[in-house]
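J.: here is my input, please return the structure:
(one chain, ligands or ions: 2)
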Amino acid sequence: MISVAGALDALFALARPLPVETVPLRAAAGRVLASPATARRDQPPFAGSAMDGYALANAEAHTGARFRVVGEAAAGRRFDGRPGPGECIRIFTGAPVPEGCDRIIIQEDVTRDADMITLSDRLDRGTHIRPAGADFRIGDQLSAPRRLSPSDVALLASMNIPQVAVHRAPEVALISTGDELVLPGEDPGPDQIIASNTYGLEALFRSLGATTRLLPIARDSRASLRATFALAQGADLVVTIGGASVGDHDLVGPVAAELGMQQAFYKVAMRPGKPLMAGRLGDAMMIGLPGNPVSAMVCGHVFVAPVLRVMQGLGPTAALRSRAPLSAPLPRNGPREHYLRALLTPEGIEAAPRQDSSLLTVLSDSNALIIRPPDAPEAAIGDLVDFLTI
Ligand SMILES: Nc1nc2c(c(=O)[nH]1)N[C@H]1C(S)=C(S)[C@@H](COP(=O)(O)OP(=O)(O)OC[C@H]3O[C@@H](n4cnc5c(N)ncnc54)[C@H](O)[C@@H]3O)O[C@H]1N2
Ligand code: MOO
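T.: Ligands and ions are numbered 1, 2, ... in the order given. Down below sits the predicted model:
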């Protein structure tokens, strides 16, 4: 059996970054920027007022000083000219600061009488001027690769970049397998259950920037599996669910092999998720997940998520680990790396009492997976453990 780290390395060797395409900014959130984006202007392009008030020469600003208001500057409409001694300009937030002015007195700090203002005795000391280029300068770059956040999209817009180069979104074909499965909303027979992790995985992959193709459930026969695999043509990644173990009806491995899948590994020393397989299948990559609902979801976080990141140009990195102190003890671990369903609270992290890999209620109540290395000794309250956020 291969280790989790070994399996990840093998997956990284199989995964390739997808080609780059140009998309309009409004479609860019969540996509991965492929090359640095370069600002096409300074922001702000002029020294601007940060407040509503009066622009004047700082040297003349002192309590009781009086100024004549000789003009107005608003956002989008500057004051052309230069106030003389004892003169000021009415100014609003976002307006260019007039020539000769280097301070804005906020309007709360003046009394106004017709076209005259008097500065109060409690002047705040700020100049309230945003220098030109304070946010960015022409030529400044937003680095790549990066997954574009809503904040990044706002910044790109401000840089006057209407479209960006991003990696193509990976398309994942999902194949559930099993005679026992029906779709949510259907009428299950007495021995049937609802295909569940199929939907959980689809949601996970979409949240990671993939598009998905949900294929019909493959039944436990070679013919049905073959027919369903054929429908996955053109996908970047084919993910099967179930039929991966050693039972007589676990046919995913044999049928994939028949279709030319070059297997990179089968079985990983982890819990849950042992009967995992991966390889290349024609132009696509294939990952065969175990059928137990929690096992499939855990493998989605631990293995499929990093593969989707590589495909989007983000480079080969394992799921991000954090550390927290235990708020309840843990027994010693067995020989497989264990991903325990757990709840992280301000008091620490605690594994759920029931860890069977069929329990979606427990998974749904968890927000973390504690990672226990193979053969880890008992751990006490307060001991630090690694975890993944889910
Ligand atoms: N003799 C052994 N038996 C098993 C071993 C083993 O090493 N030796 N491994 C066990 C482990 S660990 C796992 S995990 C499972 C995985 O088996 P499969 O990948 O072949 O999965 P299935 O048998 O098809 O299904 C397992 C379980 O999950 C349910 N299932 C399947 N697909 C879905 C779905 N899309 N949505 C909801 N539930 C699903 C299925 O009905 C079964 O109950 O094998 C152990 N056995
Ligand atoms: O590995 Mo299985 O995934 O333990 O339930």
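J.: which pLDDT value belongs to the residue of the chain found nearest ligand 1?
T.: Residue of the chain nearest ligand 1, by Cβ to the nearest ligand atom: residue 291 (2.5 Å). All C-beta atoms are positioned from the backbone trio N, CA, C, and that covers glycine. In this model, residue 291 is scored at 96, pLDDT.
J.: just residue 125 next, same as before
T.: 88.
J.: just give me the neighbour total for it.
T.: For residue 125, the count of nearby residues is 6 (other Cβ atoms under 10 Å).
J.: from memory residue 309 sits against residue 210, does it?
T.: No: assessed by Cβ atoms under 8 Å, residue 309 is found out of contact with residue 210, at 10.3 Å.
J.: tell me the residues of the stretch 101-250 of the chain that contact ligand 1?
T.: Neighbours of ligand 1 within the stretch 101-250 of the chain, by Cβ under 6 Å from any ligand atom: 176, 178, 180-181, 193, 195-198, 241-247, 250.
J.: quick one: residues contacting whichever residue of the stretch 51-200 of the chain sits closest to ligand 2.
T.: Per Cβ to the nearest ligand atom, the residue of the stretch 51-200 of the chain with the smallest distance to ligand 2 is residue 197, at 11.1 Å. Residue 197 makes contact with 241, 289, 291, 293, 296, 297, 360 under the criterion Cβ atoms under 8 Å, 6 or more residues apart in numbering.
J.: all helices of the stretch 1-150 of the chain, in order?
T.: 4-14, 150-158 (DSSP state H, counting those that start in this stretch).
J.: output stretch 141-157 as CSV, restricted to C-alpha atoms.
T.: Extracted as CSV, the C-alpha positions of stretch 141-157 are listed here (Å, rounded to 0.1, in the frame of the first residue of the first chain):
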residue,chain,number,x,y,z
GLN,A,141,1.3,43.9,-11.1
LEU,A,142,-1.1,41.6,-9.6
SER,A,143,0.9,38.4,-9.3
ALA,A,144,0.0,35.0,-10.8
PRO,A,145,-0.9,32.3,-10.4
ARG,A,146,-3.6,33.1,-7.9
ARG,A,147,-7.3,32.3,-7.5
LEU,A,148,-9.1,35.5,-8.1
SER,A,149,-11.1,36.6,-5.1
PRO,A,150,-13.8,39.2,-5.2
SER,A,151,-11.3,41.7,-3.9
ASP,A,152,-8.9,40.8,-6.8
VAL,A,153,-11.7,41.5,-9.3
ALA,A,154,-12.3,44.9,-7.8
LEU,A,155,-8.5,45.7,-8.0
LEU,A,156,-8.4,44.5,-11.7
ALA,A,157,-11.3,46.7,-12.5
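J.: now it: buried residues?
T.: 142, 144, 145, 146, 147, 148, 152, 153, 155, 156 (16 or more other Cβ atoms under 10 Å).
J.: same question, stretch 236-255
T.: 236-244, 250-253, 255.
J.: among these, which are in helices?
T.: 252, 253, 255 (DSSP state H).
J.: quick check: the last one touching residue 226?
T.: Right, the one you point to is residue 255. Yes: using Cβ under 8 Å, residue 255 makes contact with residue 226 at a distance of 6.0 Å.
J.: so residue 349 sits in a helix?
T.: No: in this structure, residue 349 is strand, not part of a helix, as judged by DSSP: H, G, I helix; E, B strand; the rest coil.
J.: which stretch of helix or strand covers the closest residue in space to it that isn't next to it in sequence?
T.: With Cβ to Cβ, 6 or more residues apart in numbering as the criterion, residue 349 has its nearest non-adjacent residue at 4.3 Å, and that residue is residue 324. Per DSSP states H and E, residue 324 falls inside strand 321-325.
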